[in-house]
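J.: Build me a structure from this.
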Amino acid sequence: MDRKFVFELCKEKYGTEPDYPFEDDYISAVLRHSDSRKWYALVMNVSPKVFGLPDGKKTDVVNLKIDPMIKGSFINEKGIFPAYHMSKNCWISVLLDGTVSKETISFLIDISFNLTDKNRKRKK
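T.: Numbers count the residues shown, from 1 in each chain. Sure, this is the predicted structure:
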């Protein structure tokens, strides 16, 4: 599993394509709501040691927004960490190396998409 899985899933479910907004960084990609342009996912390639794992080759991760009330349930899972490079209170980083199941990643993307939806309050 890798970033391709995330991109295909988000294209299929939400009709969104990766955006590469960082100058001189053609690896990190943002997934945004099509109407508000608000981020719901950030895919990066980072060193495992940023998560306290043994140093090794860089790996893809996806940062996703999470409700702080349920964050603790996921942080204890293998391959899920407090977010790298974003608020650790309401974002998590998920390894895209096969450690976390596709089903869990899909579920977490759904949560992030819904939490960052500007129309969320009106839909309730």
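
J.: Buried residues, stretch 86-94. List them.
T.: For stretch 86-94, a neighbour-count test (16 or more other Cβ atoms under 10 Å) marks 86, 91, 92, 93, 94 as buried. Glycine gets a C-beta too; all of them are placed from N, C-alpha and C.

J.: Out of these, flag the one nearest to residue 13.
T.: Comparing the buried residues of stretch 86-94 against residue 13 with Cβ to Cβ places residue 94 closest, at 16.4 Å.

J.: Please spell out which residues along the biggest helix by length in the chain are buried.
T.: Longest helix of the chain, by residue count under DSSP state H: helix 102-115. Neighbour counts over helix 102-115 (16+ other Cβ under 10 Å) mark 105, 108, 109, 111, 112, 113 as buried.

J.: For the fifth one, give me the pLDDT.
T.: At residue 112, the pLDDT value in this model is 97.

J.: what does the model give the closest residue to it other than its chain neighbours for pLDDT?
T.: The shortest distance from residue 112 to any non-neighbouring residue, by Cβ to Cβ, 6 or more residues apart in numbering, is to residue 64 (3.9 Å). For residue 64, the model assigns a pLDDT of 97.

J.: Just list whatever residues bridge to residue 64.
T.: Taking DSSP bridges as the rule, residue 64 bridges to residue 41, residue 92.

J.: Give the full set of residues in contact with it.
T.: Neighbour list for residue 64: 40, 41, 91, 92, 94, 108, 109, 111, 112 [criterion: Cβ atoms under 8 Å, 6 or more residues apart in numbering].

J.: and what of residue 51?
T.: By Cβ under 8 Å, 6+ apart, the residues touching residue 51 are 81, 84, 93, 95.

J.: So residue 46 is in contact with residue 59, correct?
T.: Yes. Counting by Cβ atoms under 8 Å, residue 46 touches residue 59, with 6.9 Å between them.

J.: Endpoints of stretch 34-44, how far apart?
T.: 20 Å (Cα to Cα, to the nearest Å).
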